[in-house]
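1. here is a sequence together with a model predicted from it:
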Amino acid sequence: MADIITPVAAWCAVIIEAIGIGIITLFALYSLFNAAMQLLKRTDKYAVYLELRQSLGRGILLGLEFLIAADIIYTVAVELTFETIGVLAVVVLIRTFLSFTLEVEITGRWPWQQKQLGQP
């Protein structure tokens with residue numbers, strides 16, 4: 001049974017990892033294109049800059065979630081050793097920290113702070 005699951009899990013991890021990379025790439029290109037179009041229309045460059053950072057941050061955040069999922073699948077289903085679990089723990093910790101800081105950057109508040117009226 002493991003002979004069937006291991007290659008399928010490896011392929012699933014590769015596909016999910018590719019999706020994560022694609023999301024980050026597409027959001028980066030979209031964000032840059034959108035910022036360039038907004039610069040042609042607007043005079044407020046700071047607002048365009050903030051919108052670019054938020055859009056890019058959202059793309060990175062979503063892509064990181066896919067990359068974490070791929071790492072978990074690969075480690076648990078394909079290469080389960082104490083060493084790979086340790087590496088996975090460090091990678092997930094770093095990526096979770098990055099996700100946390102990106103979320104703070106995008107929303108402008110800590111996750112435990114309540115939303116104020118009028119904020120997204």
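-> Right, received. Where do you want to start?
2. for the helix or strand bottoming out on mean pLDDT in the chain, name the packing helices and strands.
-> Counting by mean pLDDT, DSSP states H and E, the chain has its least confident helix or strand at helix 82-107, which shows a mean of 85. Contacts defined by 3 or more CB pairs under 8 Å, 6 or more residues apart in numbering; DSSP states H and E place helix 82-107 against helix 45-77. (C-beta placed from N, C-alpha, C; glycine too.)
3. compute the inter-axis angle for the helix it packs on and helix 82-107.
-> Angle between the axes of helix 45-77 and helix 82-107 is 160 degrees (criterion: axes from the mean of the first three to the mean of the last three CA atoms, to 10 degrees).
4. what is the rounded mean pLDDT of helix 45-77?
-> Averaging pLDDT along helix 45-77 gives 89.
5. that helix - contacts with which helices or strands?
-> Checking 3+ CB pairs under 8 Å, 6+ apart, helix 45-77 ends up next to helix 2-41, helix 82-107.
6. pull the distance from it to the chain's centre.
-> Helix 45-77 has its C-alpha centroid displaced from the chain centroid by 2 Å (CA atoms, centre = their mean, to the nearest Å).
7. before we move on, what about stretch 96-110?
-> Using CA atoms, centre = their mean, the offset of stretch 96-110 from its chain centre is 11 Å.
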